[in-house]
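Visitor: starting from these lines, generate the structure:
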Amino acid sequence: MIKSNNSIRRRFFWGLLSISVAVLLLTNILWFYSEYRQFKQNVEETAERTTNQQKALIKREVERTIDYINYMRETRKNDSVEELKKEILDRIARIRFGADGYIFVVTYDGTTLMNDTQRELIGKNIWNFEDPNGVKVIQEERKAVENPDGDFIYYVWNKPTEKTPSPKITFMKGVPDWEWMIGAGTYLKDIKDITDANKALLKKNLESQIIEMFILFLVILAMVIIITIKLSRRIRSEFDDFSVFLDNSILKYQQSDNKQFVLKEFQILVNYTNKILEERRRMGEALKESEEKYRLMVENSGDGIVISQKDKFIFVNDAFAKMLGYDKDDLIYRNYKEIYTDKALNKLKEREKQRNKGQKVSNRYETVFKKKDGSEIDVEAYVTIIEYKEDKATFAVIRDITKQKKMIKMLQESTVQIGDLKGFIPICAGCNKIRDDEKENKPWVSPAEYVSDRLPNINFSHGMCPDCMAKWYPDYVNVKDIKKGNKDSD
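Guide: So this is what the prediction gives:
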């Protein structure tokens, strides 16, 4: 038995192992990239969410304070306004929320009425106060309260707990009757501290997940190696047995008959392979014959046959293209709605609405198509939904009924015209003229004129009966023969 280091077993082992390791590494890289992106997104969302939460908090506290002021004014109408204001300001001074949140009150002209964390400002007018960035804080607050719903402003203010300037977000809302500006703020440093804490927690969770993923990678890699070794040994054993059979076969000049295979699996494999190949050959011939029959049937059909998918024609036969005056290639991938008239499109949309509402819509209907030259034809369509290339499509058989419609119209018009001759007809007993009551002055006209006016499609041929021939042209006829002929006919 020939042995070589460049064996199928070794190639299988190292190939499967390499692919498995590559897949595991790629999976881990993609996972790490995805988790890192999620980590960055979570950090950004946390910062935004924290900012929004703090803004919502200060807005809520300001609105609750104004609700309290309105409640006190409503229930204490008989009290002195000044005493009521003093009581309310004392109550506002004790309001705290969050880590170091508080409520402050400033008049519309810039005088501080209450700021419990910086009581040195109470009673002072700071209308022209500017922060380190040149923002006139009180004047910005005054602009904010012009909005009946209040507004946020951004500036730098000394943080009470640190006595150092720090960027701040403040929500302001006014009490117009008293010309009070009620405000509450939060410092961006506090928001950043919360965000940093959340970021540290997210980072710690990510590191834990990375360690767990790495351990899982090592465990899966070990399992892949063990399974690969076992599969490689099994394949080696199978191929060794098969190699023995091939060696014996060649040496003994035995034919490659399936009964000579030692392994039953190989015998079954050869049998099924031969059957599959033979069956595939027969199926291929049958399919080719079936496709040819179908092609001949479709192409030679007198009716138009079309398949549309996603509003476009994907198949049309020659009869349909000829019906509309197009080449087949001009219709393929054309939007099928382009061949509908406006009225027909409205009818089509109505059918779609009924179908979307769950109403039963007939598969057969009549409509009007536009030909390439702009003329219109009446057609009858039979449509059904099929599956084409793993997607829904519409299969339709189209028949030109223009001539039928014209014939029906002509029959209907003839029926109406014949109906005009019903009833009593006033005819002269002497000259056989008929009175035409539909014309002005009701003239007496010949029967031919009377009928022609009502049945324009009827033409009269003019000749003479035997009696008139005898009366007007006696020299050319035998009167006795004519009379005898009339008697015999009686």
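
Visitor: and Val383, how many residues sit next to it?
Guide: A count of neighbours around Val383, defined by other Cβ atoms under 10 Å, yields 18. No exception for glycine: its C-beta is placed from N, CA and C like everyone else's.

Visitor: please name the nearest non-neighbouring residue to it.
Guide: Ala396 (4.5 Å; Cβ to Cβ, 6 or more residues apart in numbering).

Visitor: quick one: the one you found and Lys77, what's the gap?
Guide: 80 Å (Cβ to Cβ, to the nearest Å).

Visitor: ok, now Pro474?
Guide: Distance from Pro474 to Lys77, by Cβ to Cβ: 132 Å.

Visitor: ok, the residue nearest the centre of the chain - contacts?
Guide: Centroid check for the chain by Cα atoms, centre = their mean gives Lys310 as the closest residue, at 11.3 Å. Contact analysis of Lys310 by Cβ atoms under 8 Å, 6 or more residues apart in numbering lists Asp391.

Visitor: just Ser308 next, same as before
Guide: Neighbours of Ser308 in contact, by Cβ under 8 Å, 6+ apart: 314, 336, 393-394, 396.

Visitor: now do the buried residues in the helix or strand hosting it.
Guide: Here Ser308 sits within strand 304-309, counting by DSSP states H and E. Buried positions in strand 304-309, judged by neighbour count with 16 or more other Cβ atoms under 10 Å: 304-306, 308-309.

Visitor: which one among the residues you listed gets closest to Gly123?
Guide: Set against Gly123, the nearest of the buried residues of strand 304-309 by Cβ to Cβ is Gln309 (80.3 Å).

Visitor: and the gap between that closest one and Ile398?
Guide: As defined by Cβ to Cβ, Gln309 lies at a distance of 16 Å from Ile398.

Visitor: Ile153 too?
Guide: Taking Cβ to Cβ as the measure, Ile153 and Ile398 are separated by 70 Å.

Visitor: again with Tyr450
Guide: In this view, Tyr450 and Ile398 are 46 Å apart by Cβ to Cβ.

Visitor: looking at these two, which one has more neighbours?
Guide: For Tyr450 versus Ile398, the count of surrounding residues by other Cβ under 10 Å is larger for Ile398: 24 against 20.

Visitor: output stretch 350-369 as CSV, nothing but the C-alphas.
Guide: Presented in CSV, the C-alpha positions along stretch 350-369 are these (Å, rounded to 0.1, in the frame of the first residue of the first chain):
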residue,chain,number,x,y,z
GLU,A,350,-60.8,49.7,-8.0
ARG,A,351,-60.3,46.0,-8.4
GLU,A,352,-57.1,46.3,-6.4
LYS,A,353,-59.0,48.2,-3.6
GLN,A,354,-61.7,45.5,-3.5
ARG,A,355,-59.1,42.8,-3.4
ASN,A,356,-57.2,44.5,-0.5
LYS,A,357,-60.5,44.8,1.4
GLY,A,358,-60.9,41.0,1.1
GLN,A,359,-63.8,41.2,-1.4
LYS,A,360,-64.1,38.5,-4.0
VAL,A,361,-62.9,39.8,-7.4
SER,A,362,-63.6,37.9,-10.6
ASN,A,363,-60.6,36.5,-12.5
ARG,A,364,-62.3,37.4,-15.8
TYR,A,365,-63.0,41.0,-16.7
GLU,A,366,-63.2,43.3,-19.7
THR,A,367,-61.0,46.4,-20.1
VAL,A,368,-59.4,48.7,-22.8
PHE,A,369,-55.8,48.7,-23.9
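
Visitor: thinking again about what came up before, with secondary structure as added columns, please give the contacts of Ser308 in a markdown table.
Guide: Compiled in a markdown table, these are given as follows (DSSP: H, G, I helix; E, B strand; the rest coil):
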| residue | secondary structure |
| --- | --- |
| Ile314 | strand |
| Tyr336 | helix |
| Ala393 | strand |
| Thr394 | strand |
| Ala396 | strand |
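
Visitor: low-confidence stretches in the stretch 351-490 of the chain?
Guide: Filtered on pLDDT under 70, the stretch 351-490 of the chain yields the residue ranges 413-424, 454-464, 469, 472-473, 475-490.

Visitor: strands of that one, start to end?
Guide: 364-370, 376-387, 392-400, 434-435, 444-445 (DSSP state E, counting those that start in this stretch).

Visitor: can you show me the helices along the stretch 301-450 of the chain?
Guide: Using DSSP state H, counting those that start in this stretch, the helices found in the stretch 301-450 of the chain span residues 318-324, 328-331, 342-356, 402-419, 447-454.

Visitor: which other helices and strands does the third one contact?
Guide: It refers to helix 342-356. Where contact means 3 or more Cβ pairs under 8 Å, 6 or more residues apart in numbering; DSSP states H and E, helix 342-356 is packed against strand 364-370.

Visitor: any idea how far the strand it packs on is from the chain center?
Guide: On the basis of Cα atoms, centre = their mean, to the nearest Å, strand 364-370 sits 27 Å off its chain's mean C-alpha point.

Visitor: any idea of the angle that strand forms with helix 342-356?
Guide: For strand 364-370 against helix 342-356, the angle by axes from the mean of the first three to the mean of the last three Cα atoms, to 10 degrees is 150 degrees.

Visitor: which neighbouring elements make contact with strand 364-370?
Guide: helix 318-324, helix 342-356, strand 376-387.

Visitor: out of the ones you listed, nearest to Val105?
Guide: Taking Cβ to Cβ, helix 342-356 is the member of the helices and strands packed on strand 364-370 nearest to Val105, at 60.0 Å.

Visitor: buried stuff in the closest one?
Guide: Result for helix 342-356 [16+ other Cβ under 10 Å]: buried residues 344, 347-348, 351.

Visitor: neighbouring contacts of that helix?
Guide: With contacts defined as Cβ under 8 Å, 6+ apart, helix 342-356 is touched by 337, 340, 361, 365, 367-369.

Visitor: hey, where'd the helices end up in the stretch 101-250 of the chain?
Guide: Ranges of helices in the stretch 101-250 of the chain, per DSSP H, counting those that start in this stretch, are 137-144, 188-251.

Visitor: return the most buried member of those.
Guide: Among these, helix 137-144 has the highest mean neighbour count (mean count of other Cβ atoms under 10 Å), at a mean of 18.

Visitor: pLDDT on it, on average?
Guide: Helix 137-144 shows an average pLDDT of 94 in the prediction.

Visitor: how about stretch 173-183?
Guide: Per-residue scores along stretch 173-183 average to 94.

Visitor: can you check which helix is longest in this structure?
Guide: Identified as the longest helix of the chain according to DSSP state H is helix 8-75.

Visitor: now stretch 404-411, how far from the centre of its chain.
Guide: Relative to its chain's centre, stretch 404-411 lies at 43 Å (Cα atoms, centre = their mean).
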